[in-house]
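Chemist: With the input below, show me the fold.
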Amino acid sequence: MLKSAEVRWLLNKGQEKQIEHWFATYDQQFGLEDNYPRYDYYLSLPDIDSLGIKIRDPREMKEGLVSHVEIKKQIEENKTFKFNEHIEGQLNTWIKYSIKLVDAPLIVEILNSGNATTGWIPVAKDRLILKYDLNTRKLVSATTFVDEGCGIELTRFKLKEKSIYTFGFEAFSKSDQEKRNLFRTLPLIFESVGKIELNKKNSKSYPEILQQY
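Modeler: Numbering: from 1, shown residues only. This is a model prediction of the structure:
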């Protein structure tokens with residue numbers, strides 16, 4: 001089980017360029033425009049935005065068709081925060097469970113169905129990700145193990161033929177200090193990224209984004 005405190009914004013057209021430029025200073029860049037290296041499959045849950053169930057990026061490996069089912073449950077009501085006069089968002093707190101699957105019939109069925117009739121929504125993704133390590137006060141790669149930190153993520157994804165960008169933060173903690181870690185990370189990143197307008201209306205969790213599209 002993993003607990004996280006998160007905030008995420010749908011970006012208006014063109015806003016992704018400013019954030020993408022910031023990631024480029026850390027050697028993080030998107031691939032070609034129509035190249036999405038990862039596919040996740042989200043269970044369609046109409047009118048439910050406090051629960052997310054997805055099959056994470058099924059891939060053929062030596063042991064077979066490997067994936068993980070991830071279940072995320074929101075455990076606190078959304079909380080609005082105003083970071084400054086330009087940035088306002090919705091804080092979500094979640095717990096996540098992950099189960100590894102190998103050659104699961106469900107995944108085979110979804111992949112063979114053309115993604116049309118199974119009730120699972122295919123989402124193609126390309127992501128730029130860094131972590132902020134609060135112990136060392138440094139930005140590190142997404143694969144670096146960190147006890148107290150926060151992930152920073154610019155995601156480009158295609159959902160029902162629409163191209164969408166989100167900018168999100170997911171804080172984690174070994175000592176149950178997820179919110180503290182989130183709010184210590186935000187000012188450092190936004191100072192570095194520069195002035196940007198991010199409003200409460202566009203601050204949405206992944207389940208809310210799936211509801212919208």
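
Chemist: for this protein, what spans make up the strands?
Modeler: Ranges of strands in the chain, per DSSP state E, are 2-10, 38-43, 51-61, 64-84, 87-102, 120-133, 138-141, 148-159, 162-173.

Chemist: Redo the ones you listed as TSV? Include distance to Y26, mean neighbour count and mean pLDDT.
Modeler: Just so you know, the C-beta spots here come from the backbone N, C-alpha and C atoms, and that holds for glycine as well. Listed next are the strands of the chain as TSV, based on distance: least, C-beta to C-beta, whole Å; neighbours: other C-beta atoms under 10 Å; pLDDT from 0 to 100:
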stretch	distance to Y26	mean neighbour count	mean pLDDT
strand 2-10	20	21	97
strand 38-43	20	19	91
strand 51-61	23	16	92
strand 64-84	22	15	94
strand 87-102	21	17	96
strand 120-133	6	19	94
strand 138-141	6	14	97
strand 148-159	10	21	96
strand 162-173	15	20	96
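
Chemist: do you know which of the ones you listed lies nearest K204?
Modeler: K204 lies closest to strand 2-10 among the strands of the chain, at 5.9 Å (C-beta to C-beta).

Chemist: Who are the packing partners of the closest one?
Modeler: Where contact means 3 or more C-beta pairs under 8 Å, 6 or more residues apart in numbering; DSSP states H and E, strand 2-10 is packed against strand 87-102, strand 162-173, helix 178-193.
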